[in-house]
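S.K.: Prediction below, plus the sequence it came from.
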Amino acid sequence: MNEPATKMKSTVEREVDDRDSAFVNRVFEICRSNKGMAARLRRADNPSTEYQAWEFLAAWGVNLEREEDRLPHVLIASAIAKSKASANGSLPLGQALALSYDNGRDSSPASARLKRLLACDSVKEVCMILRGVLSLISSKLGKPLDYTKLLKQLKKFKFNPQAVKAQWAQEFYSYGAREEQQEN
């Protein structure tokens, strides 16, 4: 690959990263400053009331007609609005899932939830399953998720679901392994 093409790709990737990060930060801002919109975003994770977030999503240029574009943004906006976090965190999804249970990655319910996520074949299915997982994580942990990373993973899911699933499994299983190594 020639040098200009490499630089161009990096610039495009940075713009996408910046846009995802700006989206997440804007949702946090809205939740602090506009209680009415925050309430609509909280209700957006229900398919029958999802339309209440469409005004916000359309303003961000999200294609509302394409589920694989709309659903990740709806899920992340709703999860942020429901969370107690005041800013984006650094906790990846797999690690957060392991931390949500007392036995961590060795917990049967945690492992079952991860396996259910790994069995998903579509963006629609993974977003539906993640609604419950994100509610669980939010209620059990005091640490905020890295919503920007999760949004990027969900947007990538339609192109390369195996890579995203591998990331979640790596985060889940390697977290407990690192803890065990530190104890020994």
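M.R.: Noted; the coordinates are in hand.
S.K.: Where does the prediction get shaky in this protein?
M.R.: By pLDDT under 70, the weakly predicted segments of the chain are 1-17, 104-107, 175-184.
S.K.: Swap in 80 and give it another go.
M.R.: Where the chain drops to pLDDT under 80, the residues are 1-17, 102-107, 142, 175-184.
S.K.: quick one, helices of it?
M.R.: 3-33, 35-43, 54-59, 67-82, 93-99, 108-118, 123-140, 147-157, 161-183 (DSSP state H).
S.K.: can you put these in a markdown table and add mean neighbour count?
M.R.: Any C-beta I mention is one placed from the backbone N, CA and C, and that applies to glycine too. As requested, the helices of the chain are exported to a markdown table (neighbours: other CB atoms under 10 Å):
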| stretch | mean neighbour count |
| --- | --- |
| helix 3-33 | 13 |
| helix 35-43 | 17 |
| helix 54-59 | 15 |
| helix 67-82 | 23 |
| helix 93-99 | 24 |
| helix 108-118 | 16 |
| helix 123-140 | 18 |
| helix 147-157 | 21 |
| helix 161-183 | 15 |
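S.K.: Centre-most residue in this protein?
M.R.: Of all residues in the chain, the one closest to the mean position by CA atoms, centre = their mean is residue 150, 3.0 Å from it.
S.K.: From residue 88, how far off is it?
M.R.: Distance of residue 150 to residue 88, computed by CB to CB, to the nearest Å: 10 Å.
S.K.: Now tell me what touches stretch 168-175 from outside.
M.R.: The set of residues that contact stretch 168-175 without belonging to it, under CB atoms under 8 Å, 6 or more residues apart in numbering, is 92-95, 97-99, 104-105, 110, 114, 117-118, 153.
S.K.: redo that, cut-off 10 Å
M.R.: Outside stretch 168-175, the residues within contact range by CB atoms under 10 Å, 6 or more residues apart in numbering are 91-99, 104-105, 110-111, 113-115, 117-118, 126, 149-150, 153.
S.K.: What of stretch 121-132?
M.R.: Residues external to stretch 121-132 that are found in contact with it (CB under 10 Å, 6+ apart): 45-47, 66-76, 78-79, 82, 93, 113, 116-120, 133-134, 137, 150, 153-158, 161, 164-165, 168.
S.K.: Dump that stretch to CSV, keeping only the CA atoms.
M.R.: Coordinates of each C-alpha in stretch 121-132 appear next as CSV, following Å, rounded to 0.1, in the frame of the first residue of the first chain:
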residue,chain,number,x,y,z
ASP,A,121,-25.7,-13.6,14.2
SER,A,122,-27.1,-10.1,13.5
VAL,A,123,-26.8,-6.6,14.8
LYS,A,124,-30.5,-6.7,15.7
GLU,A,125,-30.1,-9.9,17.7
VAL,A,126,-26.9,-8.7,19.5
CYS,A,127,-28.6,-5.3,20.4
MET,A,128,-31.6,-7.1,21.8
ILE,A,129,-29.5,-9.4,24.0
LEU,A,130,-27.2,-6.5,25.0
ARG,A,131,-30.2,-4.6,26.4
GLY,A,132,-30.5,-7.0,29.4
